[in-house]
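>>> pasted the sequence and its predicted model underneath.
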Amino acid sequence: MKVATWNVNSIHVRLEQVLDWLHQHQPDVLCLQELKCETGRFPLAAVASAGYQALVAGQKTYNGVALLSRTVAGDPLAGMPGFEDVQQRVVAGTCAGVRVVSVYCPNGESLTSDKYAYKLRWFSALRNYLEETLQRYPKVLVAGDFNVAPEDRDVYDPTAWKGEVLCSDAERAAFGTLLSTGLHDAFRLFDQPPASYSWWHYRVNAFKRGMGLRIDHVLVSTALREHCTSCGIDKTMRARERPSDHAPVWVEFSGGSSPSS
DNA sequence: ATGTCTCCTAAGAGGAGA
């Protein structure tokens, strides 16, 4: 089983790249973020012709998440119960016995912004939601743009970014509370190249200069961790013409398309 | 170093968000 996540920064602009990626990598599930697309305008027919079903929680202009899967996802759920939010940032479904949650965590803008306070409230709600999810489903996978670089090694220049948004102590602590529910950062289960990042700013030629952060993550529950065989970041999509500012992150599991027990 | 990209309104550029 292969699952991936990708912040596409507009599904309309990146549709051909998404279809290419599905064709090349044949994931069982692909989580998407920043659709910037109303639910009713999502290109369902295009992804269907590529062989994928879609759960979509979209809105006009901003945010928006989706879960593409080869088979129809069970128990679809948009948003987080008990946390009313006009911003569409969460969608979940069950695929091959795995509860998959696609998340687009708030950016926060800056430490003094109202959006930063919202980000911390949102993470608190996410922690509660994932705790409930883990009680209901043993095999849980949470994938998306977390907008947090968990450690200094996830930042190209930790000194320059120290205390900045995406790297602040409070954000890292909030990310840590997600792990404390019983989830594991799949990327760090394996040896990885140094300077592994998933996002590079569009400005200042950041990608070519290696100025990136690792803020897109795949978290797996303990029951899933045992089956996890590899995890990586596909930088090739960031090197393309007209790229998203994020690269896809993928994870593979042993046991074919349906990891059992 | 205010740099780039996307989408919106609104009929031109400019603002919001990342």
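That came through fine. Predicted model, so just to flag it, every value in this text is computed and none were measured.

>>> quick one: the helices in chain A?
Secondary structure of chain A by DSSP state H: the helices cover A:11-25, A:44-49, A:114-136, A:158-161, A:169-179, A:222-225.

>>> neighbouring contacts of the fifth one?
Spelled out, that is helix A:169-179. Contacts of helix A:169-179 with the rest of the structure, by Cβ atoms under 8 Å, 6 or more residues apart in numbering, involve A:108, A:119-120, A:123-124, A:126-127, A:130, A:142, A:146-151, A:163, A:165, A:185, A:219. Yep, even glycine has a C-beta here, placed from its N, CA and C like the rest.

>>> ok, now with 7 Å
Under the contact criterion Cβ atoms under 7 Å, 6 or more residues apart in numbering, helix A:169-179 has outside partners A:Leu120, A:Phe123, A:Leu126, A:Arg127, A:Leu130, A:Phe146, A:Val148, A:Pro150, A:Asp185, A:Leu219.

>>> so which of the helices of chain A comes closest to A:Ala96?
helix A:222-225 (11.2 Å; Cβ to Cβ).

>>> against DNA strand B, how distant is A:Cys105?
Taking Cβ to the nearest atom of the strand, to the nearest Å as the measure, A:Cys105 and DNA strand B are separated by 9 Å.

>>> list the residues that contact that residue.
For A:Cys105, the contacting residues are A:Arg89, A:Trp122, A:Phe123, A:Gly144, A:Asp145, A:Phe146, A:Asn147, taking Cβ under 7 Å, 6+ apart as the criterion.

>>> filter these to the buried ones?
Restricting those to buried positions leaves A:Arg89, A:Trp122, A:Phe123, A:Gly144, A:Asp145, A:Phe146, A:Asn147, with burial counted as 16 or more other Cβ atoms under 10 Å.
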